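Colleague: coords please:
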Amino acid sequence: MSPLRRPIRIFLAEDNPGDVVLIHEALREYKVEHTLVHASDGAEAKQYLDSLESLPESERPDILLLDLNLPKCDGDQLLAMFRAHPCCGDTPAIIVTSSNAPKDRERAAELGASRYFRKPSDLNEYLRLGLLVREVVAERGLITL
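Modeller: Residues are numbered from 1 along each chain as shown. Modelled structure (predicted):
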């Protein structure tokens, strides 16, 4: 795996602290150099979204990782808001969720999610999220695989 040109900027909306740890581990396992902004619920994610226009472009996210089942605003609502925002309407988004419901997958696709990752119970499978992040940011030219 080639090194990153620069650390990628990740915005993560996830309310489960255990999943946050696993996501960090997945990124480490696949050598994804990154900076991470974390929101633990939908309200924090909305505050971040509201602050984007005041941030320099160099601090805006390269990729979004969004849980669907968040308190205070669910992930598909957040994805719709990110898609409508002028600063990140085309930012790749990976839905990271425990849901395997076809309606959730379809809704995520309709809203422009780049990928849909169902949280597995197996650690090795969970770590593959790091590879998925690498693939998505490679498509944007931020890294080479």
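
Colleague: looking at it, residue 30 is touching residue 130, isn't it?
Modeller: Yes: look at residue 30 against residue 130 with CB atoms under 8 Å: they come within range, at 3.1 Å. In short, each C-beta sits where N, CA and C put it, glycine included.

Colleague: Please say which of these two ends up with more neighbours.
Modeller: residue 130 (20 against 17; other CB atoms under 10 Å).

Colleague: Next up, identify which helix or strand that one is on.
Modeller: Residue 130 belongs to helix 123-139 when assigned by DSSP states H and E.

Colleague: Going by contacts, tell me the helices and strands next to that helix.
Modeller: strand 8-13, helix 17-29, strand 63-66, strand 93-97, strand 115-118 (3 or more CB pairs under 8 Å, 6 or more residues apart in numbering; DSSP states H and E).

Colleague: Give the rounded mean pLDDT of that helix.
Modeller: For helix 123-139, mean pLDDT is 94.

Colleague: which residues touch the spatially most central residue of the chain?
Modeller: When CA atoms, centre = their mean is applied to the chain, the residue found nearest the centroid is residue 65 (1.3 Å). Residue 65 sits next to 10, 11, 12, 13, 14, 23, 93, 94, 96, 133 when contact means CB atoms under 8 Å, 6 or more residues apart in numbering.

Colleague: Contact partners for the last one?
Modeller: By that I understand residue 133. 8, 10, 26, 27, 30, 32, 63, 65, 94.

Colleague: ok, the residue nearest to the third one when sequence neighbours are not counted to residue 106 distance?
Modeller: Among residues not flanking residue 26 along the chain, residue 130 sits closest, at 3.8 Å (CB to CB, 6 or more residues apart in numbering). Between residue 130 and residue 106 the distance, using CB to CB, to the nearest Å, works out to 26 Å.

Colleague: looking at the chain, which helix or strand is least sure?
Modeller: The least trusted helix or strand in the chain, going by mean pLDDT, DSSP states H and E, turns out to be helix 75-84, with a mean of 91.

Colleague: Output the contacting helices and strands for it.
Modeller: Taking 3+ CB pairs under 8 Å, 6+ apart as the contact cut, helix 75-84 packs with helix 42-51, strand 63-66, strand 93-97, helix 102-110.
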